[in-house]
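*Asks:* Predicted model follows, preceded by the sequence.
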Amino acid sequence: WRMNAHAEINNLYLEATFRTSNKCSGKDSYGIIVRSTDSGDDIFDSGYIFTFSCDGMYRLYRLDNGTYINLLNWTANSEIKAGQNVTNKMGIYVEGELIKLYANGNRLAQVSDSGHDKGKWGLVIRAKETSGLEIFVEDVSYWILGN
C-alpha cells in the first residue's frame, strides 16, 4: 500500500474509484486503508483495510502491528462489479468505533470496532492470482468528520 502525506485523521469518509485492467481474477484485490499508523520504522503495519476482489467480493480486516484480525470475511455482493475492465466506487465511513462500508453508493455493511482511533489513509493492491496485475485509481476524495 501507499499512504498519503497528510496528518493523521480520527473520523472521515473516504471514497475512491478504481478500474480493473484486462488482467484481474479471483482474489486479486484492491482498496483503501484508514487509521493506519507507523510503528516508528516507516512501515505502516496497523489500520483498517477494506478491499474488493476481482470476483466481486469485499472484506474488512484490522491490522495490528502486522497481525491480521478478520472483521468481515470475503462476502459477495451484487453492488460490486466483478471481472476485468470494470469500474467500482468504494467508500468507508469511520467515526468513533463505527465503520460503514459502501460500494457504488450503496451500503454493504456496518461494524463496530475499537482497535484504532486515528491514523493516515492510503490505497492498497494485492496480486494474489495475476502476475502483472494493474488497478487504476481514477478518483480519491475524503471528508473529515468533526475532528
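*Replies:* The structure has been received and is ready for your questions. Values in this document were obtained by computation on a predicted structure and should not be read as measured data. Numbers count the residues shown, from 1 in each chain.
*Asks:* Against residue 86, how distant is the residue nearest to residue 85 when sequence neighbours are not counted?
*Replies:* Closest residue to residue 85 apart from its sequence neighbours, by Cβ to Cβ, 6 or more residues apart in numbering: residue 22 at 5.8 Å. The C-beta positions use only the backbone N, C-alpha and C, and glycine is treated the same way. From residue 22 across to residue 86, the span is 11 Å (Cβ to Cβ, to the nearest Å).
*Asks:* With residue 73 instead?
*Replies:* Counting by Cβ to Cβ, the gap from residue 73 to residue 86 is 22 Å.
*Asks:* Which of these two has more residues huddled nearby?
*Replies:* residue 86 (15 against 10; other Cβ atoms under 10 Å).
*Asks:* wait, what's in contact with the more buried one?
*Replies:* Applying Cβ atoms under 8 Å, 6 or more residues apart in numbering to residue 86 gives the contacts 19-20.
*Asks:* Helices along the protein, start to end?
*Replies:* Along the chain, no segments are classed as helices by DSSP state H.
*Asks:* Neighbours of the residue nearest to residue 85, how many?
*Replies:* Residue 22 has 8 neighbours, counted by other Cβ under 10 Å.
*Asks:* can you check residue 55 too?
*Replies:* Neighbours of residue 55 (other Cβ under 10 Å): 17.
*Asks:* right, and it touches residue 25 too?
*Replies:* Yes. Counting by Cβ atoms under 8 Å, residue 55 touches residue 25, with 7.2 Å between them.
*Asks:* Let me know the distance separating the residue nearest to residue 85 from residue 30.
*Replies:* For residue 22, the distance to residue 30 equals 15 Å [Cβ to Cβ].
*Asks:* what does residue 52 give?
*Replies:* 6 Å.
*Asks:* And residue 88, what's its pLDDT?
*Replies:* pLDDT, residue 88: 98.
*Asks:* I appreciate the help and will end here.
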